[in-house]
Each structure stands twice: as structure tokens, then as C-alpha cells.
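Visitor: I'd like to go over a predicted model; first the sequence, then the structure.
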Amino acid sequence: MAQLFGKTFAPKDMGSKAFADTIKEEVASYVAASGIPVNGDPLTWMKSNDCKYPHLAMLGLEKFKMLGKHFVAVTLQVTIRYKLNFHDCTHGDIWSCLSGDCGTGTYTLYVVKQESSGDWCQREGIMTRRVSSNAPFELWLNSGDWISNINNIISWRAVTRVELRNRSDISKANTSPQTTILPAVRVPSNCQRDFSLLMFDPDGDEVKCRYGNSALLECNPCTPPSVLSLSSSSCTLSFSPTSSSNEGSYVVQLVMEDFPRQTITLTQTSGTQTTITTNNAISKIPIQFALKEMFDHQCHRD
């Protein structure tokens, strides 16, 4: 018993009963009782049972003092900024959790621009989420309908991956790449056009673009426009002159990702580590817009 309880519980004058016998009886009483529930709080239990099990409660509290730093509750706050596009500025949508622990969120949605013809309205959202750890999670939009289009995309679907684990190269959490684009991009059907998407990564990562993948639930369906080709490394879309039969509206559903420029380690608050190479995307954001193709008699570059 002396080896278990140490000097903190050195034998005292217990009268006719030996200290070791007192401890044995206390342990036996604890074992016979129901004890701490599986989902119970050990500290709360110790405080409420310190009269019934005084030595066990004191021992438990001593152990918690030594290990206290490993039991600190962690709550993180992450802010996500995004833009949504609608026909009407009164419309809105809410991100929901797709995978991982997404925590709880609050949302604010502002009007950025109303197109003069009333064709579209762009709104900017600010979402604040509180999560219990820095584990990655995914959010998605999975409602609403697209405008009528040639590649037959009916419903909205977009996914973003949020990476909060600590990066070994910058000693802090990752920041996703940033971009913006108009809700509707117009292109002459008889003119060659290249569109280099705006892209910036605060962490200095390499940024690449790709079409959405239905297997990853990034769109539904993910059919890309037949009139476009994509350069992934430069995030450039190329449009070549086409026939009048292809004129109309297309839905473009892209995903922008950031890749480290060297192999790094991502560390979770639990201590779990994951190695990320230059071939592994760290996070991702969706880029979706309408491409409107129409004939231009003059066909000139703006």
C-alpha cells in the first residue's frame, strides 16, 4: 500500500485499525460500488465522493494535478469567407457539415453587387465556426438549382475542406487559397479566349485547379463544358471558337487546392501527426460560375 499511495498517504495513527487495513476496506468498497460512469467526469466524481473514499479521492486528485496539462479542453474558432450568386439579392444558402467535426456555426450574408440588368446578385458570407479540436472537416452546399445550361447541371453542390492542423513548415494552421470571379462570364463564340483565374495563397503554397469530382461529392453531376480546356498548374481556362449550335450557357464547376512546396507534417491537438507531400492537397475551395457563349460580329479582345 505504501508503494501505491506514496508519501502523500503516509500511515497515520488510526487507533486500533492499521492504515493498510483502512485502505483495503476503502478499495473493496469502491470495487463493490458502481464507480464512475463510462461517460462521467472523474474530477466531479472525486469531489462528490471524497467523504466516502477520502484516500482514493486524494490519490486521484494528485494524479490529475500531475497530468492536468493533458486534460485541457480546446475550443477553436475559425472564420470562413465565401461568395454566393443568385438571381435575386433576397436569396441565400447555408453550409452544412459533410464530414468530420464541423462544430457549430453562425452566418452573416451581405450583398456585394447587383448586376445592372438584374441578371444576377453576388453576396458575400462570413461564417464563424467553433470546433472542439483542430481536426480537418468538410462543409458543403447541396441545394438550389442552376440556370438552364447545355451541360445539363441541375442542382448546386459544392464542397470545401478546412484544414486546421498545425503545419511544421510555418508553425501554424493552414490558410486556404483565395480567389474571386464574376457569377456569369460572357465569351464570344467565334473568338479565342483564355481566362486565368485569380489565385493567391497566404502560406506561399502551390495552387492548382481541377474540375469537380462526383466521387468526392463535389458536384452533381460534374460534367465539364465541352467548349473549355483547363490548365491545372496555372488555373487557366481556354475557349476556342465553336459553332453556333454550341452557343448558350454552361456551368463551370472547379476546385482550387493548395499543395506544400516541400514535405510537411500536420499535427493535431491529440498529438496525431500526418505527413503531406508535394503531391497531396492540403485544403480545397469550390469555384463555380456560368459561362455564357454568344456570337460577336466584331470578335475583338477587350
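Guide: The structure has been received and is ready for your questions.
Visitor: what's the local residue count around residue 172?
Guide: Residue 172 is flanked by 10 other residues according to other C-beta atoms under 10 Å. In this view, the C-beta of every residue, glycine as well, is placed from N, C-alpha and C.
Visitor: name whatever forms a beta bridge with the residue nearest to it when sequence neighbours are not counted.
Guide: Nearest non-adjacent residue to residue 172, counting by C-beta to C-beta, 6 or more residues apart in numbering: residue 166, 6.5 Å away. Taking DSSP bridges as the rule, residue 166 bridges to residue 173, residue 267.
Visitor: in this structure residue 166 contacts residue 173, no?
Guide: Yes: counting by C-beta atoms under 8 Å, residue 173 is a contact partner of residue 166 at 6.2 Å.
Visitor: for this structure, what spans make up the helices?
Guide: Using DSSP state H, the helices assigned to the chain run over residues 2-5, 19-32, 42-48, 54-67.
Visitor: mean pLDDT lowest where, among these?
Guide: Note on those: helix 2-5 shows the lowest mean pLDDT, a mean of 46.
Visitor: domain parsing for this structure?
Guide: With domains defined by automatic domain parsing, the chain comprises 2-70, 76-294.
Visitor: in terms of mean pLDDT, which of those domains ranks lowest?
Guide: Among the domains of the chain, domain 2-70 scores lowest, at a mean of 61.
Visitor: ok so, going back, residues contacting the residue nearest to residue 172?
Guide: 134, 172, 173, 266, 267, 268 (C-beta atoms under 8 Å, 6 or more residues apart in numbering).
Visitor: skip the chain neighbours and tell me the closest residue to the residue most central in space within the chain.
Guide: Centroid check for the chain by C-alpha atoms, centre = their mean gives residue 162 as the closest residue, at 2.4 Å. In space, residue 162 comes closest to residue 137 once its chain neighbours are excluded; the distance is 5.6 Å by C-beta to C-beta, 6+ apart.
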